[in-house]
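>>> The following comprises the amino acid sequence and a computationally predicted model.
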Amino acid sequence: MSAIAKGSAEFPLPAGETFSYGTAGFRTVGEKLSGVAFRMGVLMTLRSRKLGGSTGIMISASHNPHADNGMKLVDKSGTMLEESWEKVAEKFANSSGDDLTKAVETLISDESIPEGDGVVFIGRDTRKTGPDMLKATMAGVLAAGGKAVDFGVVTTPQLHFFVWKQGNPTAEDYYTLAISSFKSLFKKQDTDIEVVVDCSNGVGAVSAARFAADAGDCGIKLSLVNTDTDNVEKLNHLCGGDYVQKEKVTPPGVEPSVTESKHFAAFDGDADRLIYFYFREEEGAKKFVLLDGDRIAVLLTAFIKKLVDEVPGISPKIGIVQTAYANGASTTFMNKTGVEVTMTPTGVKHLHHKALDYDIGIYFEANGHGTVIFSQDFTSTLYQSNSISAQKLIAVSKLASPVCGDALLDLLLCEAALQGLGWSVTEWARMYTDAPSKMTKVTVPDPQKLKTSWDQTKAVEPAGIQPEIDAAVAKFPAGSRSFVRPSGTEPIVRVYAESDTLENSSILATQVEDIVKKHLN
């Protein structure tokens, strides 16, 4: 315990700060996080000993501004930290000196953690505070008697992949599995498909560049824009998946085109989110059209259902998992396909857990974070079939990340799906018409005073807030809706509104913002 106590003093916590573990771990201004990083190194070493395998820590703030940073904690399974340990992470993150060593001793006793080394895999993105946080994280691992394995600058889904694989994984393992699976799904045509990818000036630019040559051999030309990882201030600035999805605008570096063989996509800062967009001729101009995570879920579901229907003797349970942020039009459309649609709270951990209930579970948040999960039992069934479509389903199961959203792998899945269905991007977009929506946020003193139903579609506290929201929604055309939820990491409440026009969605969002201010300020 003396090494932990010493490290606690060497990597102190900033005065007056309280750190909360949100849906994506810890996240705030990067300069404040070295103390938390040390403590998470200790925690995940103990978690490794508890589980008997390597755990992981990803140092990244995803789509946040460059000055922010964060930490995502990864369990031995490759998925996010078990929910029951999140409060333990918060306890460690806010403890120093004797309080920290007591917290360690209590955890070892309560969880019956055995002696041992513990192994923690660590990755980071391109932020300036990453090296300092890495140093503190590794110090925490060593202080707890563990072994730290530094994978350097990698995408968040790559770090998840390394932990999922266990042993001594390499980046080449990741790329080799991806390209071999993709080659089983995508056949080179006379005309190559060009995919222009906005890399958000983030680490996704590195992984996409590594993959570009292999993709080219398959008939996919990756044209990468916003790839400046040297000027960290450009990270996520007016570009990337989060910006494009929320603002619904063409990112810099992208020249609009209506050529059907030219596709457009965007990664977020750590490459765990993917969105598509395209351009259509309208009154002599090229109009931007967003294809978000809801659209990706619909595309992949259609492709997978087609393959399933072509394999004799199988009837897997297929499910689509969404959150309240899913566009209402997408939910209505998917309900008509006969595939089960279910809702969970916001946060990948909730969607991923629910997707495991199905033989094939498909989940995507509107922001583009998602994947496809195949159960082991169903995959075993596929291996018993000689059907070409069964072999393709096996390739889909290998290409899709089994543990989290992966922008690069999801892009390859989308391209395989478009080819497999014989669809153009325009035909993909015509499957349904999105309901216009608006997302805003309200700064409040204590967002946790807002309590919601489990699926976050209704506010249950403070008393009276939901009836006022319902009354506001009732003044707009049928099908309009709005909901609010507290942020787990920032002093804000997020507001979502849908209506028949963007103008009405914006007006409704403003009215709901006022209701939030009335009850929480």
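That came through, no problem.
>>> I figured residue 488 hits residue 19, correct?
No - assessed by CB atoms under 8 Å, residue 488 is found out of contact with residue 19, at 11.2 Å. Where C-beta positions appear, they are placed from N, C-alpha and C, glycine not excepted.
>>> Tell me if residue 342 really is in a strand.
Yes - checked against DSSP: H, G, I helix; E, B strand; the rest coil, residue 342 lies within a strand.
>>> and the end-to-end length of stretch 141-149?
Across stretch 141-149, the terminal residues are separated by 10 Å (CA to CA, to the nearest Å).
>>> hmm, who's touching it?
3-4, 6-7, 38, 41-42, 44-46, 48-49, 54, 104, 117-122, 137-138 (CB atoms under 8 Å, 6 or more residues apart in numbering).
>>> List buried residues within those residues.
4, 7, 38, 41-42, 44-46, 48-49, 54, 104, 118-122, 137-138 (16 or more other CB atoms under 10 Å).
>>> Now intersect the residues you listed with the strands, please.
119, 120, 121, 122 (DSSP state E).
>>> Nearest to residue 68 among those residues?
For those, the closest approach to residue 68 (CB to CB) belongs to residue 122, at 18.5 Å.
>>> per-residue confidence for that closest one?
Per-residue pLDDT puts residue 122 at 98.
>>> Same question for residue 7.
With respect to pLDDT, residue 7 scores 96.
>>> now do residue 64
At residue 64, the pLDDT value in this model is 89.
>>> That one contacts residue 237, correct?
No - in this structure, residue 64 is not within contact of residue 237 by CB under 8 Å, at 11.2 Å.
>>> Mind checking which of the two has more residues around it?
Set residue 64 next to residue 237 and count neighbours by other CB atoms under 10 Å: residue 64 wins out with 24 against 17.
>>> and the more buried one, what is it in contact with?
With CB under 8 Å, 6+ apart, residue 64 has these contacts: 27, 70, 236, 269.
>>> is it fair to say it lies in a helix?
No - counting by three-state DSSP, residue 64 is not found in a helix; it is coil.
>>> so how far is residue 26 from it?
Distance, residue 64 to residue 26, by CB to CB, to the nearest Å: 12 Å.
>>> that older thread, by pLDDT, rank the contacts of residue 64 and give me the bottom one.
Minimum pLDDT for the contacts of residue 64 is recorded at residue 27 (91).
>>> For that residue, which non-adjacent residue is spatially closest?
residue 70 (3.5 Å; CB to CB, 6 or more residues apart in numbering).
>>> neighbours around the one you found, how many?
Neighbourhood size, residue 70 [other CB under 10 Å]: 25.
>>> Ok, residue 166 next?
Residue 166 has 14 neighbouring residues, counting by other CB under 10 Å.
>>> shift numbering so it begins at 852
In the new numbering, first residue 852, that becomes residue 1017.
>>> doesn't residue 928 make contact with it?
No - using CB under 8 Å as the test, residue 1017 is too far from residue 928 to be in contact (9.7 Å).
>>> any chance you could map the helices in the stretch 1102-1251 of the chain?
Taking DSSP state H, counting those that start in this stretch to define them, one finds helices in the stretch 1102-1251 of the chain at 1144-1160, 1179-1186, 1199-1206, 1227-1234, 1239-1250.
>>> Output the longest one as PDB - backbone C-alpha positions only.
In this case it means helix 1144-1160. In PDB, the C-alpha atoms belonging to helix 1144-1160 read as follows (Å, rounded to 0.1, in the frame of the first residue of the first chain):
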ATOM      1  CA  GLY A1144     -26.800   5.700 -37.100                       C
ATOM      2  CA  ASP A1145     -30.500   5.000 -37.500                       C
ATOM      3  CA  ARG A1146     -30.000   4.700 -41.200                       C
ATOM      4  CA  ILE A1147     -27.000   2.400 -40.700                       C
ATOM      5  CA  ALA A1148     -29.000   0.100 -38.500                       C
ATOM      6  CA  VAL A1149     -31.700  -0.100 -41.200                       C
ATOM      7  CA  LEU A1150     -29.200  -0.800 -43.900                       C
ATOM      8  CA  LEU A1151     -27.400  -3.600 -42.000                       C
ATOM      9  CA  THR A1152     -30.700  -5.100 -40.900                       C
ATOM     10  CA  ALA A1153     -31.900  -5.300 -44.500                       C
ATOM     11  CA  PHE A1154     -28.600  -6.900 -45.600                       C
ATOM     12  CA  ILE A1155     -28.500  -9.400 -42.700                       C
ATOM     13  CA  LYS A1156     -32.200 -10.400 -43.200                       C
ATOM     14  CA  LYS A1157     -31.600 -11.000 -46.900                       C
ATOM     15  CA  LEU A1158     -28.700 -13.300 -46.100                       C
ATOM     16  CA  VAL A1159     -30.700 -15.100 -43.300                       C
ATOM     17  CA  ASP A1160     -33.600 -15.700 -45.700                       C
END
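>>> Tell me which residues of that helix come out buried.
For helix 1144-1160, burial by neighbour count (16+ other CB under 10 Å) applies to 1144-1156, 1158-1159.
>>> nearest to residue 1041, of these?
Set against residue 1041, the nearest of the buried residues of helix 1144-1160 by CB to CB is residue 1154 (22.0 Å).
>>> what's the burial count for the residue nearest to the closest one when sequence neighbours are not counted?
Taking CB to CB, 6+ apart, and ignoring the residues beside it in sequence, residue 1154 has residue 1268 as its nearest neighbour in space, at 3.7 Å. Using other CB under 10 Å, residue 1268 has 23 neighbouring residues.
>>> Look at residue 1268 and give its secondary structure.
Recorded secondary structure, residue 1268: helix (three-state DSSP).
>>> follow-up on the earlier one: in strands, which of the contacts of residue 915 fall?
By the criterion of DSSP E, membership of those in strands covers 878, 921.
>>> Just among the contacts of residue 915, which is most surrounded?
Counting neighbours by other CB under 10 Å, residue 1120 leads the contacts of residue 915 with 33 neighbours.
>>> Apart from its neighbours in sequence, what residue is nearest that residue?
Nearest residue to residue 1120 in three dimensions, chain neighbours excluded: residue 1053, at 3.9 Å (CB to CB, 6+ apart).
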